[in-house]
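Chemist: no sequence on this one, just coordinates:
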């Protein structure tokens, strides 16, 4: 009898090891990467969203706003970088988690000696491949269209990292939505309704001075606006420090607020 208890204790003990949650989250992130590798179609949004948005905005608004598509490309590229990180990360993560929960994948995870938050964290971390693919595709498309970084490669990497950080932290909003709402269509609709005021209520498309007063007030408090302005400074020159700091603060707020809420909602649902 004592031997049986000792064996059971030995089996359960690894789940209590230090940094167990981090290790389990990384293992489940590897599962997400394997899923993407076996089904490359899951990365289609990361491949096509940057191309579509860049072509659409540059050739639809370039002549009207700047009088030159090349000049407008230099202006809008940083904004498209931020919007791509937000759209690709937020929509894909929430829908992926909602699908896994409906298919019973997370029910299997509950039978394992892992932390309850590990499946959510693993899914979010695994989706970082989407950010990487989207950023590479965006810069490649921008370069082909004529965009040039005017500051340097290090600052360009900083702009990409800042956009991905904001997108990653905001993705916890759709993780919460994906856990709370059972229907995929409703998850997508709610996510879109939340994303578009944040993404387009910025200086991404046109300068702030051309906007009406009520919209300028929203732009000033919109966290995505700070990311757009910071990335613009990092890519084509201009003030960076204040806007970058505000972006990091907002990113921390999104992570600290919505990650625990998503985990709590998942525990109640499971």
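Modeler: Received, thanks. Since we're looking at a predicted model, the values are computed, not measured.
Chemist: list the buried residues for the helix or strand hosting residue 97?
Modeler: Using DSSP states H and E, residue 97 sits within helix 69-103. For helix 69-103, a neighbour-count test (16 or more other Cβ atoms under 10 Å) marks 69, 72-98, 100-101 as buried. In short, each C-beta sits where N, CA and C put it, glycine included.
Chemist: residue 57 touches residue 80, doesn't it?
Modeler: Yes. Counting by Cβ atoms under 8 Å, residue 57 does reach residue 80; the two are 6.6 Å apart.
Chemist: list the contacts of residue 250.
Modeler: Listed by Cβ atoms under 8 Å, 6 or more residues apart in numbering, the contact set of residue 250 reads 166, 169, 223, 226, 227.
Chemist: that one in helix, strand or coil?
Modeler: The local conformation at residue 250, judged by DSSP: H, G, I helix; E, B strand; the rest coil, is helix.
Chemist: okay, now the unreliable bits of the stretch 151-270 of the chain?
Modeler: The model of the stretch 151-270 of the chain has pLDDT under 70 over residues 269-270.
Chemist: helices of that one, start to end?
Modeler: Secondary structure of the stretch 151-270 of the chain, counting by DSSP state H, counting those that start in this stretch: helices at 153-180, 184-200, 213-221, 223-236, 241-269.
Chemist: give the buried residues for the second one.
Modeler: Along helix 184-200, these residues count as buried under the neighbour rule (16+ other Cβ under 10 Å): 187, 188, 190, 191, 195, 198, 199.
Chemist: and of these, the nearest to residue 135?
Modeler: For residue 135, the nearest member of the buried residues of helix 184-200 is residue 199. The distance, counting by Cβ to Cβ, is 16.2 Å.
Chemist: pull the residues that contact the helix or strand harbouring residue 49.
Modeler: Assigned by DSSP H and E, residue 49 belongs to helix 44-65. Here helix 44-65 makes contact (Cβ under 8 Å, 6+ apart) with 68-73, 75-77, 80, 83-84, 87-88, 91-92, 129-131, 133-134, 137-138, 141-142, 145, 205-206.
Chemist: again, but for stretch 87-97
Modeler: Applying Cβ under 8 Å, 6+ apart, the contact partners of stretch 87-97 are 32, 42, 45-46, 49-50, 120, 123-124, 127, 130-131, 134, 164, 167-168, 170-171, 173-175, 177-179, 184, 187-188, 191-192, 195, 199.
Chemist: and if we set it to 6 Å?
Modeler: Outside of stretch 87-97, the residues within contact range by Cβ atoms under 6 Å, 6 or more residues apart in numbering are 45-46, 49, 123-124, 127, 130-131, 134, 167, 170-171, 174-175, 177-178, 184, 187, 191, 195.
Chemist: just the buried subset of those, please.
Modeler: Among the contacts of stretch 87-97, those classed as buried by 16+ other Cβ under 10 Å are 45-46, 49, 123-124, 127, 130-131, 134, 167, 170-171, 174-175, 177-178, 187, 191, 195.
Chemist: tally of neighbours for the residue nearest to residue 150 when sequence neighbours are not counted?
Modeler: Residue nearest to residue 150 in three dimensions, not counting chain neighbours: residue 236, with 4.6 Å by Cβ to Cβ, 6 or more residues apart in numbering. Neighbour count of residue 236, defined by other Cβ atoms under 10 Å: 18.
Chemist: quick one: residue 236 from residue 120, how far?
Modeler: Look at residue 236 and residue 120: by Cβ to Cβ, to the nearest Å, they are 37 Å apart.
Chemist: and for residue 169, the neighbour number?
Modeler: Neighbour tally, residue 169, other Cβ under 10 Å: 24.
Chemist: show me what stretch 175-188 is in contact with.
Modeler: Residues outside stretch 175-188 that contact it (Cβ under 6 Å, 6+ apart): 93, 94, 95, 97, 98, 120, 190, 258, 261, 262, 265, 266.
Chemist: format the residues you listed as a markdown table; extra columns: distance to residue 63.
Modeler: Listed next are those as a markdown table, based on distance: Cβ to Cβ, whole Å:
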| residue | distance to residue 63 |
| --- | --- |
| 93 | 36 |
| 94 | 36 |
| 95 | 36 |
| 97 | 41 |
| 98 | 41 |
| 120 | 45 |
| 190 | 35 |
| 258 | 40 |
| 261 | 45 |
| 262 | 43 |
| 265 | 47 |
| 266 | 48 |
